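Visitor: just need the structure, nothing else, for what follows:
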Amino acid sequence: MQSNQQRRVPPEEHNEAIRKASPDWESIRWFLEVARHGSFRAAAEHANISINLLRRRIMDLEHSLGLKLLTRHVTGVQVTPEGRPLLAVAAQMETAAFGFTRAGQRSKPIEGRVRLTVTEGLGTFWVVPRLVEFQRAYPKLLIDLNCAMRSADVLRLEADAAIQLERPTSPDLKVVRLGRMHISLFASRSYVDTYGCPTSHEELLKHRMVFHMADQTRGQHYYDQLFPGVPEIGFVSMINNVSSAHYWAIAKGAGIGWLPTYAIAIGARVIPVNINHVFPYDIWLTYHPEAAQIPRVRKLLDWIVSAFDPREFPWFRDEFIHPDELAKSYRGAPLVNMFEGFHGLPAAGVSAAAGR
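Guide: Just a heads-up that it's a prediction; the model follows:
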């Protein structure tokens, strides 16, 4: 067989032919996503791309390799025996790609973008007011904050750090327990004035409830635990998927519901319902070990730990402190009232504006 030189193929054309024959990293990454999620639909939703585009990329990858990588089964998509060795190599490529990205970031100064993912309630009502002061200390940092109830995959660079209510299980991640959030029952003054305030579980069954049902909240689990056999219709007035809507439903009198005890500390317009239905949530910080070597990410991580310090903020201690007692336990500076910006214009202001 003749070599390329014997057939007088220019080296640059030979290298270009190899490049075109080699599968691109993007297609290999999609192969990893489908294999990890077990279905094209789940992988497409996670990656926020079209399922048809994802299928085409996998078909093109299989065609370029001359191998069948994935097969469909009743239980989902499975990796073929021929695809398993390539899956292992693809995972190694992913690790190397992340290492390459992080190595290029370590020597940069305290500036640029840092990405933080946090549950919607903690992000909106606790993290944002504190982040303002952090950003003032580092004005060249862009804080890319993603508030969502889905846990971010920091192992695959969806975020530099994540604050969540579920303990990550990957052994490749660094995990720090920040503290504990306690949720207890609250109602609005208008609700109590209209319907009264229950003092026992039996009385609670005669009231209207508001529930937060979302990933990480375990709302359905708590409902089944406390109210077995009780139909939702006629008892639950509203179900919300985000904490901000859940808070406002309670504050506006839609029903009684669970809120973090720290809501009182930051000015929530609700009052405690003294029934001992309190649930704890451990708060976890997770990040990739190599990410901590990037100066701007290290600053963010250190700040997060301080922002949840139970010694300064008693509502994050392991033991439950009744909301009425939190003011006595807190010795720090006045906290930002997250609800102060939600006061509407006074009637006179609205009338004046309408007359212009």
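
Visitor: show me the helices in the stretch 51-200 of the chain, by range?
Guide: Here the stretch 51-200 of the chain has its helices, by DSSP state H, counting those that start in this stretch, at 51-65, 83-105, 120-122, 128-137, 189-195.

Visitor: ok, the stretch 201-350 of the chain next?
Guide: 201-204, 219-226, 243-251, 262-265, 295-307, 326-329, 347-354.

Visitor: what's the most buried one of those helices?
Guide: For these, average neighbour numbers computed from mean count of other C-beta atoms under 10 Å are highest in helix 262-265, which has a mean of 23. From N, CA and C alone the C-beta is placed, and that goes for glycine too.

Visitor: gap between residue 133 and residue 306?
Guide: According to C-beta to C-beta, to the nearest Å, residue 133 and residue 306 sit 11 Å apart.

Visitor: where does pLDDT dip in this structure?
Guide: Within the chain, the segments meeting pLDDT under 70 span 1-23, 46-48, 97-109, 151-157, 333, 336-356.

Visitor: about what we covered before: what's the closest of the helices of the stretch 51-200 of the chain to residue 42?
Guide: Each of the helices of the stretch 51-200 of the chain was scored for nearness to residue 42 using C-beta to C-beta, and the closest is helix 51-65 (9.7 Å).

Visitor: what's the closest one packed up against?
Guide: helix 25-37, helix 40-47 (3 or more C-beta pairs under 8 Å, 6 or more residues apart in numbering; DSSP states H and E).

Visitor: between the longest one and helix 40-47, how many degrees?
Guide: Read it as helix 25-37. In terms of direction (axes from the mean of the first three to the mean of the last three C-alpha atoms, to 10 degrees), helix 25-37 departs from helix 40-47 by 120 degrees.

Visitor: kindly list the longest strand within this protein.
Guide: Longest strand in the chain by number of residues, with DSSP state E as the criterion: strand 174-187.

Visitor: mind listing what's buried along that one?
Guide: Taking 16 or more other C-beta atoms under 10 Å as the basis for neighbour counts, the residues of strand 174-187 that come out buried are 174, 178-187.

Visitor: how about these in TSV, adding distance to residue 89?
Guide: Listed next are the buried residues of strand 174-187 as TSV, based on distance: C-beta to C-beta, whole Å:
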residue	distance to residue 89
174	26
178	37
179	41
180	42
181	42
182	47
183	45
184	51
185	53
186	53
187	57
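
Visitor: identify the farthest-apart pair in those residues.
Guide: Pairwise distances among these were taken by C-beta to C-beta; the largest, 39.9 Å, belongs to 174 and 187.

Visitor: of the helices of the stretch 51-200 of the chain, which stretch is the most buried?
Guide: The stretch of these with the highest mean neighbour count (mean count of other C-beta under 10 Å) is helix 120-122, at a mean of 24.

Visitor: so which elements touch it?
Guide: Contact partners of helix 120-122 among helices and strands, from 3+ C-beta pairs under 8 Å, 6+ apart: helix 243-251.

Visitor: how far off centre is the helix it packs on?
Guide: Mean-position distance between helix 243-251 and its chain equals 19 Å (C-alpha atoms, centre = their mean, to the nearest Å).

Visitor: what sits up against that helix?
Guide: Helix 243-251 is touched from outside by 119-122, 124-125, 186-188, 191, 210-212, 238, 240, 255-257, 259, 263, 268-270, with contacts defined as C-beta atoms under 8 Å, 6 or more residues apart in numbering.

Visitor: change it to 6 Å
Guide: Under the criterion C-beta atoms under 6 Å, 6 or more residues apart in numbering, residues 120-121, 124, 186, 188, 210, 212, 238, 240, 257, 269-270 lie in contact with helix 243-251.

Visitor: swap in stretch 182-190?
Guide: For stretch 182-190, with C-beta under 6 Å, 6+ apart as the criterion, the contacting residues are 250-251, 253, 256, 258-261, 270, 272-273, 275, 277-280, 320.

Visitor: restricted to strands, list the residues you listed.
Guide: For these, secondary structure assignment (DSSP E) places 258-260, 272, 279-280 in strands.

Visitor: save the helices of the stretch 201-350 of the chain as JSON lines, and put in distance to residue 32 too.
Guide: Conversion of the helices of the stretch 201-350 of the chain to JSON lines gives the following (distance: least, C-beta to C-beta, whole Å):
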{"stretch": "helix 201-204", "distance to residue 32": "48"}
{"stretch": "helix 219-226", "distance to residue 32": "31"}
{"stretch": "helix 243-251", "distance to residue 32": "32"}
{"stretch": "helix 262-265", "distance to residue 32": "39"}
{"stretch": "helix 295-307", "distance to residue 32": "24"}
{"stretch": "helix 326-329", "distance to residue 32": "46"}
{"stretch": "helix 347-354", "distance to residue 32": "55"}
